[in-house]
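**Q** Dropping a prediction and its sequence here:
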Amino acid sequence: MSPAIQYIHVFKTDIDTEADTQIIGDLLNTHEHVIQWSVDLSDVDRVLRVVTSELQQSDIISLINQQGYQCSELQ
């Protein structure tokens, strides 16, 4: 059996504090298709990196936006 393909998506967000990160973490940690994630609070773009086996960028953007945070593809 071949290993599942993993996608790494990178986003610019307005996640600004550890409390914000915890809120997003609660969401992403329980999502069945999220393998790993991180937020770099020290970066000016508050970079969110998500490793997934199935989610598309638009899916992740919708999840984050539904929590009240801005999220867009990092260009």
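**A** Perfect, I can see it now.
**Q** and residue 8, how far is that from residue 68?
**A** 25 Å (Cβ to Cβ, to the nearest Å). C-betas here are computed from N, CA, C, even on glycine.
**Q** next one: residue 21
**A** 14 Å.
**Q** Of those two, which one has the most company?
**A** Higher neighbour count among residue 21 and residue 68: residue 21, with 18 against 9, using other Cβ atoms under 10 Å.
**Q** Against residue 62, how distant is that one?
**A** 19 Å.
**Q** And residue 4, by the same measure?
**A** 22 Å.
**Q** before we move on, what about residue 45?
**A** From residue 45 to residue 62 the distance is 19 Å (Cβ to Cβ).
**Q** same question, residue 41
**A** In terms of Cβ to Cβ, residue 41 sits 22 Å off from residue 62.
**Q** same deal with residue 35?
**A** Residue 35 is 18 Å from residue 62, by Cβ to Cβ.
**Q** can you give me the offset of the longest helix seen in the chain from its chain's centre?
**A** Assignment by DSSP state H gives helix 18-29 as the longest helix of the chain. Remark: helix 18-29 is offset 10 Å from the chain centroid, using Cα atoms, centre = their mean, to the nearest Å.
**Q** Pairing partners for the next helix-or-strand element following that helix, with directions?
**A** As assigned by DSSP states H and E, the chain's next helix or strand after helix 18-29 is strand 34-40. According to DSSP bridges, strand 34-40 forms sheet pairs with strand 47-52 (antiparallel).
**Q** Okay, buried residues for the partner strand please.
**A** 47-48, 50, 52 (16 or more other Cβ atoms under 10 Å).
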